[in-house]
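Peer 1: Following is a predicted model, sequence given first.
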Amino acid sequence: MRFFTTALAGASALVSLVAAQSLTLQFRGLEGLYTVGVPTTISYVAPDLEDPVTITLRRGESGNLDTIATLTSSATGGSYRWTPDEDLPVGADYALQITQGDEINYSGQFTIAGGPNPSTSTLSSGMTTSTETETASITQTRVRV
């Protein structure tokens, strides 16, 4: 009888451990490329899908991420609809952070495309220069008379 009680307690502890591990806060099915102005759904799993999560956009080296913006602090239900802002620079060093209570997790790094090239600047004359290619172009408007 004592063996049965010990085995039952051990099995119960194992089931509790497995159940706790399956409720980890994490992103699901993120893409590797996002385009500014194009809506996308960020999916996640959380210990409690009714409690809000905070999703933060971060950028930089994987061990040294800077905070760019808090996308939401009230997402519930396992998904959040996000449209990358038009002013986000092109880059392959973005990541997302998800927080719920004391739990924090990160996505892998991904690329944002379609935004301004960080090496390009617009001058007041309408000329656009690129420091990488050292080229310049001027936009002209033709008027028919």
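Peer 2: It's in.
Peer 1: Low-confidence regions, the chain specifically.
Peer 2: Applying pLDDT under 70 to the chain picks out residues 1-23, 118-145.
Peer 1: As a check, name the ranges of all helices in it.
Peer 2: Secondary structure of the chain (DSSP state H): helices at 2-21.
Peer 1: In it, spot the strand with the most residues.
Peer 2: Using DSSP state E to assign secondary structure, the strand with the most residues in the chain is strand 64-75.
Peer 1: That one: which residues count as buried?
Peer 2: Neighbour-count burial for strand 64-75, counted by 16 or more other CB atoms under 10 Å, picks out 65, 68, 71, 75. To be clear about C-beta, it is placed using only N, CA and C from the backbone, and glycine gets the same treatment.
Peer 1: and what of stretch 24-31?
Peer 2: 25, 27, 30.
Peer 1: check contacts around the last one.
Peer 2: Spelled out, that is residue 30. Residues in contact with residue 30 (CB atoms under 8 Å, 6 or more residues apart in numbering) are 42, 43, 96, 107, 108, 110.
Peer 1: same question, residue 75
Peer 2: Listed by CB under 8 Å, 6+ apart, the contact set of residue 75 reads 44, 52, 53, 54, 55.
Peer 1: repeat that for 10 Å
Peer 2: Contact analysis of residue 75 by CB atoms under 10 Å, 6 or more residues apart in numbering lists 42, 44, 46, 49, 52, 53, 54, 55, 81, 82, 98, 100.
Peer 1: and what of residue 98?
Peer 2: 25-27, 42, 44-46, 53-56, 71, 75, 80, 104-107.
Peer 1: Now the buried members of those residues.
Peer 2: 25, 27, 42, 44, 46, 53, 55-56, 71, 75, 80, 105, 107.
Peer 1: about what we covered before: go through the contacts of residue 75 and name the one nearest residue 91.
Peer 2: Nearest to residue 91 among those, counting by CB to CB, is residue 82 at 16.3 Å.
Peer 1: Can you give me the distance of the nearest residue to residue 57 once chain neighbours are set aside to residue 40?
Peer 2: Closest residue to residue 57 apart from its sequence neighbours, by CB to CB, 6 or more residues apart in numbering: residue 68 at 4.4 Å. For residue 68, the distance to residue 40 (CB to CB, to the nearest Å) stands at 16 Å.
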